[in-house]
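S.K.: 3D, please:
(chains A and B)
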Amino acid sequence: MATHVESLDNGLKVILHPLPDAKALSCWVGYRIGSRNEVPGITGSTHWVEHMLFKGGGKLRKGDIDKLISRLGGKMNAFTDTDYTTYFETIPASAMDTALMIESERMRNAAFDPKEVEAERTVVISEREGAENQPEFLVEEELWGLAFHVHPYHWTPIGYKQDLARLDRDPLYRHYLQYYAPNNAYLVLAGGFDPAVAMQHVREAFAPLKPEPPPPPMRLVEPEQHGERRSDLHRPGAADFLAVGWHIPAFAHEDTPAVALLAAVLGGWRGFTRFAAGDWRSRSNRLYRALVEGKLATDVSVRHELKVDPSLLLTDVTLAGGVPLDRVEEVLDAELAKLRKAPPSKAELERAKGQVRAWHQFEQDGATFQGMLLSASEALASWDAWDAMVARIGKVRPEHVRDVARRYLVEEHRSVVRFHAEEVSR
Amino acid sequence: MNLPDRTVLDNGAVLIAQALPSNPFVAFRGSVPAGMVAEDAQGVAEFLSHLLLSGTKKLSAEKLADRLEGIGATLEFRNSEEVLVFQGRCTRETTAETVRLLIDCLSNPAFPAREVERVRTELLNDLRLANDDTRYRASRQLSELVFPGGHPYGREPRGSEVRIRRTTRRTIAEFHDAHVGPEGLILAIAGDVDRDLVEEAVARPLSRLPPTNEPPSAIPPPPASRPRDSWIPMPHKSQVDIAVGGPALPRRHDDFYALFLANLLFGRIGLFGRLGHNLRDEQGLAYYAYSSLEARTAGGMWSVSAGVSPANLERAIRGIREEIVRLRTDPFSMEEIADGKDNQVGSLIVSLERNAEVASELHRMEYYGLGMDFLERYADLVRDLSEDRVRQVARTYFDPGRASMAVAGPIGRTRVSL
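M.R.: Residues are numbered from 1 along each chain as shown, chains lettered A, B, ... in the order given. Purely as a prediction, here's the structure:
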């Protein structure tokens, strides 16, 4: 059944994706606000606001969202990204109005009770401290900080602990009022429903909400990087890590299909959305062969960070015990040089394309995943942007992959973080 | 949803299939009784699970990966306490080839010496990384306290660094030959399948799987445990992980459903039930604070997990204790129990919307002998639970007097008991 797209008078974009046999319904509301809209001093505020929107307001008392969804046997969550923030509930399709009511209240009527804001401060700090326990998080934070000096991709969505310790309720609430408005949001429904009936219910729930003046556009542009940047972290740990990031263009750029295949040839393809692959790892790729089968590393991954603004292609390597970081860098450099020198074979490229096509099917597993796929696509460009991207990926030729390797995988545009694991003192 | 098709093949393997035409691909999940309970040499089951994608007698590791990923299929093997689990995804068109490769991996692994050494390196690194992870250390230590004496439910799946270094290719091959075969094998498949596809592409190759040398191992009941506390200093970390728990019951025990509901209300429903309400919502102590119930063939464990700032460690332990004690002083209300029942009945729709989830549930139904009509009966099983029984099992099992505690992280001089 075709996807129905319509905008309400208040600016809310509605995307209805019916699945004829589905008994469940997944409701996603995305806001075009992420950590890229923050400024120094209030880093992490978007994520903190996300936490506050589970605490009621308007028709909902504290705990009501939890209760309403739990009684239905539903699942719910929210994610704060650099470019967007999204909330979802998956519930039996017959309970559509419950999800719509929760999301319309969340959009304009969140309470931000000062006592609750304060209680949540320690929760978000705890979330950050839990991440800090993992060396991979420290490496990731260092890498984005190194690669971006001007653009807010410099910090990660969780924000800096110093900012989380000092942020007050009022700037958080202003942040909410400014960005949580129907004209800065979109709603996706995927699952078992009749589109005409669903549209009527969406209108009833959301049409009364007033729009806000459009938020100011984020104007910061990262200047071109001239020269490699490096950072060495020496911390207690169990293994050395290497992370390398190369600047790549934004999602909408014409090179993105070829960069996606470059990532797949180098490190395999694990889907467009972040949770699709679970623990599955590709083994049919160049870096796995060179580093893991070569016993230099026990894990390697390549991530094509698809974002609204120019972003990074990332490689993360977990080194095997006793292997020098320099040796891993040499092997990595040699693999990149091969890709810059000659295009991948037709068979290798077809395998990579086949993976992208297969994952495009796997990622449509049920209402929740389909909602997530549409929501993530809409956040980057348009609800059908990923479908279009898969079609464009199918047309990439081997020499395109070599060309983008030459253009982007270059030393002067890369940032390198080396984590030197020091013996743990007891 | 129609009842799933269940077929017992001549060689003993059991095949369960469920057509879900709206999800346009196929997911499968299966197991053979080659988990930790079957191993004599500790760590060999984990070693084996890492080697089954390392090449067969017909295909090198590289060619196997190229074949699988060339058709866009995924295949994974994972060790667990009782069984070796395998799972994957493919399309309808590539099901026959994917199952052929799965059967080749299960029946003809080559264990090339180079791959054995690669996996050894991987396991040593994984063990070092796991031992540097506060959450893993606390939960692993708790399992050892609740299931002492080297019981497979309690021990480290990788064995130890010494065991990893000493495991030989021969030990692994012998373990494989003894335990990986059709006897006790279950394969559940869901999605874009029909009877013809299952017969041709799945049942036929599966029926050619050669038998094993040994019958499936009996699972010994866990020995009695004495409640103990364990404090693991990891001063270089930012956050402390707390794990509290004790023995519970086997999956087929009559009280399973009542305890499952009690656990849901105690630390799972919504934002982690009563525990989450106290530790996260009211006190702001933790990003995560939840409870779990693991019920296996021969025994089980309940546990509480929480990650907290070192400054809040004592308050968090006190909060966990308060909530356990409250199960006696302020038992679940009728409203709480009704909400939990509604949640379980509603979740039948929401938790089975994906092929992978359905395949996993079908596998569980067969493994524990719940019957192919289990999902039809589940709502009644839940509705028929008496409120008193739910309160009673909560008091019986979530017993602070029988609970152990493991704490890992920057604990400083803090030492408090539950």
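
S.K.: And the strands in chain B?
M.R.: Taking DSSP state E, the strands of chain B run over residues B:5-8, B:14-19, B:26-32, B:74-79, B:84-90, B:186-191, B:229-233, B:240-247, B:286-295, B:300-308, B:404-409.

S.K.: what's the third one packed up against?
M.R.: Yep, that's strand B:26-32 we're talking about. strand B:84-90, strand B:186-191, helix B:355-367 (3 or more CB pairs under 8 Å, 6 or more residues apart in numbering or on different chains; DSSP states H and E). C-beta coordinates here come from the backbone N, C-alpha and C atoms, glycine included.

S.K.: can the strands of chain B go into a markdown table with extra columns for mean pLDDT?
M.R.: Shown next, in a markdown table, are those (pLDDT from 0 to 100):
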| stretch | mean pLDDT |
| --- | --- |
| strand B:5-8 | 96 |
| strand B:14-19 | 97 |
| strand B:26-32 | 98 |
| strand B:74-79 | 98 |
| strand B:84-90 | 98 |
| strand B:186-191 | 97 |
| strand B:229-233 | 98 |
| strand B:240-247 | 98 |
| strand B:286-295 | 96 |
| strand B:300-308 | 98 |
| strand B:404-409 | 98 |
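
S.K.: Does residue A:133 touch residue B:133 like I think?
M.R.: Yes: using CB atoms under 8 Å, residue A:133 is in contact with residue B:133, at 7.2 Å.

S.K.: These two: which is more packed in?
M.R.: residue A:133 (23 against 19; other CB atoms under 10 Å in any protein chain shown).

S.K.: what's the domain layout of the chain?
M.R.: Just going to use chain A. A:4-206, A:229-422 (automatic domain parsing).

S.K.: meant chain B, my bad for not saying
M.R.: According to automatic domain parsing, the ranges for chain B are B:5-207, B:229-409.

S.K.: and residue B:173, what does it touch?
M.R.: By CB atoms under 8 Å, 6 or more residues apart in numbering or on different chains, the contact set of residue B:173 is B:109, B:111.

S.K.: 10 Å - rerun?
M.R.: By CB atoms under 10 Å, 6 or more residues apart in numbering or on different chains, residue B:173 lies in contact with B:48, B:51, B:109, B:110, B:111, B:116.

S.K.: and which of those residues is nearest residue B:154?
M.R.: residue B:48 (20.1 Å; CB to CB).

S.K.: what's the neighbour count on the closest one?
M.R.: Using other CB under 10 Å, residue B:48 has 27 neighbouring residues.

S.K.: any idea how far it is from residue B:124?
M.R.: For residue B:48, the distance to residue B:124 equals 16 Å [CB to CB, to the nearest Å].

S.K.: Run the chain-centre distance for the host helix or strand of residue A:138.
M.R.: For residue A:138, the host element (DSSP states H and E) is helix A:135-147. Distance, stretch centre to chain centre, for helix A:135-147: 16 Å (CA atoms, centre = their mean, to the nearest Å).

S.K.: Just the C-alphas of that helix, formatted as CSV.
M.R.: Extracted in CSV, the C-alpha atoms of helix A:135-147 (Å, rounded to 0.1, in the frame of the first residue of the first chain):
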residue,chain,number,x,y,z
PRO,A,135,37.4,3.3,26.3
GLU,A,136,35.6,3.2,23.0
PHE,A,137,33.5,6.2,24.1
LEU,A,138,36.5,8.2,25.1
VAL,A,139,38.1,7.5,21.7
GLU,A,140,35.0,8.5,19.9
GLU,A,141,34.6,11.7,21.8
GLU,A,142,38.2,12.6,21.2
LEU,A,143,38.0,11.9,17.5
TRP,A,144,35.0,14.1,16.8
GLY,A,145,36.6,16.8,18.9
LEU,A,146,39.7,16.5,16.8
ALA,A,147,38.1,16.5,13.4
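
S.K.: so where is the chain shaky, pLDDT-wise?
M.R.: Picking chain A for this. A:425-426 (pLDDT under 70).

S.K.: Chain B was what I was after
M.R.: Ranges of chain B meeting pLDDT under 70: B:1.

S.K.: for chain A, what's the longest helix?
M.R.: Among the segments of chain A that qualify as a helix by DSSP state H, the longest is helix A:114-132.

S.K.: ok, now chain B?
M.R.: Longest helix in chain B, counting residues (DSSP H): helix B:113-131.

S.K.: Just name the most buried of the helices and strands packed on strand B:26-32.
M.R.: Highest mean neighbour count among the helices and strands packed on strand B:26-32 (mean count of other CB atoms under 10 Å in any protein chain shown): strand B:186-191, with a mean of 27.

S.K.: what about it, near chain A?
M.R.: Yes: shown here: strand B:186-191 in contact with chain A (CB under 10 Å from any CB of the partner chain) through residue B:191.

S.K.: From the chain's centroid, how far away is that strand?
M.R.: 17 Å.

S.K.: Report the contact partners of residue A:37.
M.R.: Neighbouring residues of residue A:37 by CB under 10 Å, 6+ apart: A:31, A:45-46, A:82-85, A:152, A:175, A:178-179, A:215-218.

S.K.: Please identify the residues of the stretch 101-250 of chain B in proximity to chain A?
M.R.: B:114-115, B:117-135, B:191-192, B:232-241.

S.K.: re the thing from before, so for residue A:67, which of the strands of chain B sits nearest?
M.R.: Nearest of the strands of chain B (CB to CB): strand B:286-295, 17.1 Å.

S.K.: tilt between that closest one and strand B:300-308?
M.R.: On the basis of axes from the mean of the first three to the mean of the last three CA atoms, to 10 degrees, strand B:286-295 is oriented at 170 degrees to strand B:300-308.

S.K.: What is strand B:286-295 packed up against?
M.R.: Counting contacts by 3 or more CB pairs under 10 Å, 6 or more residues apart in numbering or on different chains; DSSP states H and E, strand B:286-295 packs against helix A:114-132, helix B:134-146, strand B:240-247, helix B:256-267, helix B:269-276, strand B:300-308, helix B:313-329.

S.K.: Starting from that strand, tell me which strands it pairs with and how they run.
M.R.: According to DSSP bridges, strand B:286-295 forms sheet pairs with strand B:300-308 (antiparallel).

S.K.: The partner strand: how far from the chain's middle?
M.R.: Worked out by CA atoms, centre = their mean, strand B:300-308 lies 15 Å from the chain centre.

S.K.: One more: stretch B:73-86?
M.R.: On CA atoms, centre = their mean, the centre of stretch B:73-86 falls 10 Å from that of its chain.
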